[in-house]
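> pasting the sequence and the predicted coordinates here, then a few questions.
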There are 2 protein chains.
Amino acid sequence: MMKQGMQRAQTPSMEDYLEAIANLSGERKVVRVNQIGQTLQVTMPSVTSALKKLSDEGLVQHEKYGYVELTPKGEEIAKETIRRHKILSQFFTQALGVDQKTAEEDACKIEHIISLASLERLVKFLEFMEACPLGEANFPNRYGYFLEHGKLPKECLQKGSGKRSN
Amino acid sequence: MMKQGMQRAQTPSMEDYLEAIANLSGERKVVRVNQIGQTLQVTMPSVTSALKKLSDEGLVQHEKYGYVELTPKGEEIAKETIRRHKILSQFFTQALGVDQKTAEEDACKIEHIISLASLERLVKFLEFMEACPLGEANFPNRYGYFLEHGKLPKECLQKGSGKRSN
DNA sequence: TATAATTATTAGGCATCGCTAACAATTATA
DNA sequence: TATAATTGTTAGCGATGCCTAATAATTATA
């Protein structure tokens, strides 16, 4: 039984590069140093230097003045990083109601450091939220009400709810 | 109206030092370089060098070979960092059911980078979860059932729940 | 195709933050 | 109080990862 989701690059920065390359590959025909730099908001020399490192580790293919491609190994890490990103982004927006921009920014940072254990719990949480709607009285709606009005919806104000003082 | 929770040190590492000093201050009479190093799992020279920086920024008070104390400004940042840590740790353990050790590790890293916006949503979420028990059918219990048995509890398997295919 | 504009690389610097080794001060103990 | 053990500092190194300035290659255009 193969354990999934274990692929990580050596540093957050390198994961960012792999992620950016993977995303650009999906959008354009070829990926260039230029575009990577713009995506990650770093200068081209920073990209060149990063590509050298990634190339040494067998994660990207890159010849001087040429295009950039991920190796299968690099692709694997990129996909896993993107998976983490999506889960976090989804959690922040859909579960917590954080605005899109902030959610993206937070996901971008946290994706590199969160444990696999916590991540899988986030997945479970999202699954649960989706799978357990119970009409209009489901969790995300009730939580949404709480967020918007600062008080509990009627369904929550019933017997057995007075166990805590705050 | 004063905006709260904005205090941050310049780097995650510096926040770790402030946090460690604050925690040690609560446990012992005086705080020493020694203990800070053990807490953060770094060598004493690393601590000395960090204290110099923090001292320059007016966040700690430290004379050669002497004890270490936080300045009011340092204390403020430490408190805020600890607040973040607690919220995250609580969220991971109580809401997601992540084990204590992993939750602590994740909180230690994420506390430095998460946005204020997301953090406040986590607070709201925890508040909501606590405030909305609804007897045994409350969210954490239902989610707990889902985690443990891998399927939804009976309360969730009712009309209106068949909107999604996965 | 010669020249200009763009793209990429190299060289070298800087900040952070860890480390080891060597030295210095302090504290405990014989 | 002399010596040993502990604690702390300084000096200097190495990795990461960004930057600017200068140079080189490539591509577009006149």
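Sure thing, it's come through. Numbers count the residues shown, from 1 in each chain, chains lettered A, B, ... in the order given.
> all contacts plus neighbour counts: C-alpha atoms, from now on.
Will do.
> does stretch A:116-123 come close to chain B?
Yes: using CA under 8 Å from any CA of the partner chain, we find that stretch A:116-123 touches chain B at A:Ala117, A:Ser118, A:Arg121, A:Leu122.
> got the buried residues for that stretch?
A:Ser118, A:Leu119, A:Glu120, A:Arg121, A:Leu122, A:Val123 (16 or more other CA atoms under 10 Å in any protein chain shown).
> save those residues as JSON lines, and put in pLDDT and distance to A:Glu80 too.
Formatted as JSON lines, the buried residues of stretch A:116-123 follow (pLDDT from 0 to 100; distance: CA to CA, whole Å):
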{"residue": "A:Ser118", "pLDDT": "96", "distance to A:Glu80": "15"}
{"residue": "A:Leu119", "pLDDT": "96", "distance to A:Glu80": "12"}
{"residue": "A:Glu120", "pLDDT": "92", "distance to A:Glu80": "13"}
{"residue": "A:Arg121", "pLDDT": "90", "distance to A:Glu80": "16"}
{"residue": "A:Leu122", "pLDDT": "92", "distance to A:Glu80": "15"}
{"residue": "A:Val123", "pLDDT": "91", "distance to A:Glu80": "14"}
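> next step: those restricted to helices.
A:Ser118, A:Leu119, A:Glu120, A:Arg121, A:Leu122, A:Val123 (DSSP state H).
> closest one to DNA strand C out of these, please.
A:Ser118 (23.6 Å; CA to the nearest atom of the strand).
> wait, doesn't the closest one sit right on B:Ala95?
No: the criterion here is CA atoms under 8 Å, and A:Ser118 misses it with B:Ala95 at 10.9 Å.
> re the thing from before, got a markdown table for the buried residues of stretch A:116-123, with distance to B:Gln61 too?
Shown next, in a markdown table, are these (distance: CA to CA, whole Å):
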| residue | distance to B:Gln61 |
| --- | --- |
| A:Ser118 | 37 |
| A:Leu119 | 39 |
| A:Glu120 | 42 |
| A:Arg121 | 41 |
| A:Leu122 | 41 |
| A:Val123 | 44 |
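> which of the residues you listed sits closest to DNA strand D?
Among these, and counting by CA to the nearest atom of the strand, the member closest to DNA strand D is A:Leu119, at 21.4 Å.
> who's in contact with the closest one?
By CA atoms under 8 Å, 6 or more residues apart in numbering or on different chains, the contact set of A:Leu119 is A:Arg84, A:Ile87, A:Leu88.
> now the helices for chain A?
A:12-27, A:33-40, A:44-56, A:72-90, A:100-110, A:116-131, A:139-149.
> so for the fifth one, mean pLDDT?
Averaging the model's pLDDT scores along helix A:100-110 yields 96.
> what do you get for the shortest one?
The predicted model assigns helix A:33-40 a mean pLDDT of 97.
> how about the residues of chain A near DNA strand C?
Within chain A, the positions near DNA strand C by CA under 7 Å from any atom of the strand are A:32-35, A:44-45, A:47-49, A:62-67.
> among the residues you listed, name the buried ones.
Buried among those (16+ other CA under 10 Å): A:Arg32, A:Val33, A:Gln35, A:Met44, A:Val47, A:Thr48, A:His62.
> pretty sure the fourth one contacts A:Ala50?
Read that as A:Met44. No: using CA under 8 Å, A:Met44 is not in contact with A:Ala50, being 9.7 Å away.
> so what sits against both of the two?
In contact with both A:Met44 and A:Ala50: no residue, using CA under 8 Å, 6+ apart.
> for DNA strand D, see how far away A:Gln35 is.
13 Å (CA to the nearest atom of the strand, to the nearest Å).
> give the contact list for that residue.
Per CA under 8 Å, 6+ apart, neighbours of A:Gln35: A:Leu24.
> could you do A:Gly74 as well?
A:Leu18, A:Gly58, A:Leu59, A:Val60 are the contacts of A:Gly74 under CA under 8 Å, 6+ apart.
> now the third one, what are its backbone angles?
Comment: the main-chain dihedrals of A:Leu59 come out as phi -100, psi -20, following degrees, to the nearest 10.
> find the nearest non-adjacent residue to it, please.
A:Gly74 (4.0 Å; CA to CA, 6 or more residues apart in numbering or on different chains).
> and the one you found, what pLDDT?
At A:Gly74, the pLDDT value in this model is 97.
> ok, A:Gly135 next?
51.
> middle-most residue in chain A, spatially?
Nearest residue to the geometric centre of chain A (CA atoms, centre = their mean): A:His85, 0.8 Å.
> could you check how many residues crowd around A:Ile111?
Ile isn't right for residue A:111; it's Glu. A:Glu111 has 25 neighbours, counted by other CA atoms under 10 Å in any protein chain shown.
> if I pick it, what's in contact with it?
A:Thr81, A:Arg84, A:His85, A:Leu88.
> ok, the third one - contacts?
Contact analysis of A:His85 by CA under 8 Å, 6+ apart lists A:Ala107, A:Cys108, A:Glu111.
> cool, thanks, talk later.
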